[in-house]
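[1] the following block contains a protein sequence and its predicted model.
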Amino acid sequence: MSKQRFVLLLILIGALSRLIPHPANFTALGAIALFAGAKIGKQYLDFLIPVAALWLSDLLVNNILYAAYYDSFIFFTEGFMYMAISMVLSVMVGRLVLSKMTTCRLLSGTLISSVLFFVITNFGVWMATTPGYPQSFQGLMLCYEAAIPFFRNEFLGTLVYSGVFFGLYEWVFRSSLLPAKSR
């Protein structure tokens, strides 16, 4: 399998992980961002891959699964910018923390990425007019408190999918580099 096909497969998996039935926030998007930062190697693709997976999945989720909640076709949701920012920062975490892969670094990168996602996206929820949180420090804290139950699944989803992506990458691309007698 070529690296380009592997990248396209990642985008597809990221989008599908939001479409198939899953526990709330247990998706591959955070793992894709970490993986892109650590392994893709082309700067524009590093950032494009997770944002493209996010946008594609948002497009499908909002216009197919949640179409009844919208009056028209939705290209971008109110919170897309906050999710995209968290994906871009997770790519940077992947570059810095996961350039050399160890179990400790994988756990650290996943935790940092998940905390960034939690803080940034829930700040976006608080900023939105829809949920009705008071525009005060207390309102922000209420928003973060309400989001705590979702953090666990986001962290676990990022951890599990990261393990799968990094493991598959090593298996597919490292084993193809071995001499035929070693395989």
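    It's in.

[2] show me where the protein dips below the pLDDT cut-off.
    Applying pLDDT under 70 to the chain flags residues 129-131, 175-183.

[3] and the longest helix for it?
    As assigned by DSSP state H, the longest helix anywhere in the chain is helix 137-169.

[4] and the residue nearest to I64 when sequence neighbours are not counted, how close does it get to L56?
    Of all residues not flanking I64 in the chain, L19 sits nearest, at 8.0 Å (Cβ to Cβ, 6 or more residues apart in numbering). Backbone N, C-alpha and C define where each C-beta goes, glycine included. To L56, L19 is 10 Å away according to Cβ to Cβ, to the nearest Å.

[5] re earlier: burial measure for the residue nearest to I64, as a count.
    Per other Cβ atoms under 10 Å, the neighbour tally for L19 reads 14.

[6] ok, it touching L60?
    Yes. In this structure, L19 is within contact of L60 by Cβ atoms under 8 Å, at 5.9 Å.

[7] what are the ranges of the helices in this protein?
    With DSSP H as the criterion, the chain has helices spanning 3-19, 29-35, 43-60, 80-97, 103-127, 137-169, 175.

[8] need those in a markdown table (columns: distance to D71).
    As requested, the helices of the chain are arranged in a markdown table below (distance: least, Cβ to Cβ, whole Å):
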| stretch | distance to D71 |
| --- | --- |
| helix 3-19 | 22 |
| helix 29-35 | 26 |
| helix 43-60 | 16 |
| helix 80-97 | 18 |
| helix 103-127 | 21 |
| helix 137-169 | 25 |
| helix 175 | 51 |
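
[9] pretty sure F73 is touching N63, no?
    Yes. Using Cβ under 8 Å, F73 is in contact with N63, at 5.8 Å.
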